[in-house]
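[1] here's a sequence, model it:
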Amino acid sequence: MRNEKNFDEHLNSWKKHIQPKVRNPFMQNPHMYFEDSSFRDHIFLKNEEFQSYLRNDFQETFYETQYHPSLLRNRMLNELNHEAIPVILHEDDLNCMYHSIENRSPYLDHELMEYAYKIPQEYLMRDGMAKVILRDSMKGILNDKVRLDRHKKGFNASIHSLINFENKQVNEMLLDNSPIYEILRKDKIEKALKDKNPNNSFSKFLFYFLNSKIFIDQRS
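    Take a look at the predicted model:
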């Protein structure tokens, strides 16, 4: 909280180590939740723009369950119980069982989870570094280049590194007649495919579009 005696220290660490790596424009503001604790527009980034790609209006209301008075803890519990973990586990299970592999998630051990949520939240970050308890526990086990990397990144690659959207055959495949254009506007997709330097949100959108089109076309 802003009235904590070491708030300025935490803020300076955030500005030094985290802010330069934040891509979401809303999250660039360290006072965002102080100004409006109910603000969640950053979760549906560019929502209105992507809605314009749809032939029919669609609205999705964001809601969350109140588990804890702390905003941080409550967000973490909503992601655990509703938003992130259930979706990831479902997809992991589908991917693994497709190859007859039993998937396990050791960090979801209920005793470990119960213990972790009892740790005071002031110990969860240090000097602008998240997951410090996990990082400290891996000292001497995981190499420090990985253990102390502040840049949060997934295993995803840019869709433009995988697909050449300037290739004529690729464009013909993406823009040919398809049931997906009963849902999306083809003119908007065609324009998006010409953007050689899309931002992160549009790269993800193109990836979702490509997978959806292939799936729908194969089912038709």
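
[2] contacting residues around Val22?
    Neighbouring residues of Val22 by C-beta atoms under 8 Å, 6 or more residues apart in numbering: Gln28. Every residue, glycine included, has its C-beta placed from N, CA and C.

[3] helices along the chain, start to end?
    Taking DSSP state H as the test, the helices found in the chain are 7-17, 32-35, 47-51, 71-78, 85-98, 110-116, 132-137, 144-147, 168-175, 186-193, 200-219.

[4] so for Leu124, which of those sits nearest?
    Between Leu124 and those, the tightest spacing by C-beta to C-beta is seen for helix 132-137, at 6.9 Å.

[5] run the chain-centre distance for that closest one.
    Centroid separation for helix 132-137 versus its chain: 22 Å, with C-alpha atoms, centre = their mean, to the nearest Å.

[6] report the buried residues of that helix.
    Buried residues in helix 132-137, counting neighbours by 16 or more other C-beta atoms under 10 Å, are found at Arg135.

[7] what does that helix rub up against?
    So helix 132-137 is contacted by 116, 119, 123-126, 129, 147-148 (C-beta under 8 Å, 6+ apart).

[8] one more pass at 6 Å, please.
    126, 147 (C-beta atoms under 6 Å, 6 or more residues apart in numbering).

[9] Phe205: neighbour count?
    Applying other C-beta atoms under 10 Å, we find 19 other residues in the vicinity of Phe205.

[10] next one: it from Leu54, what distance?
    Going from Phe205 to Leu54 by C-beta to C-beta, to the nearest Å gives 12 Å.

[11] again with Arg135
    In terms of C-beta to C-beta, Arg135 sits 42 Å off from Leu54.
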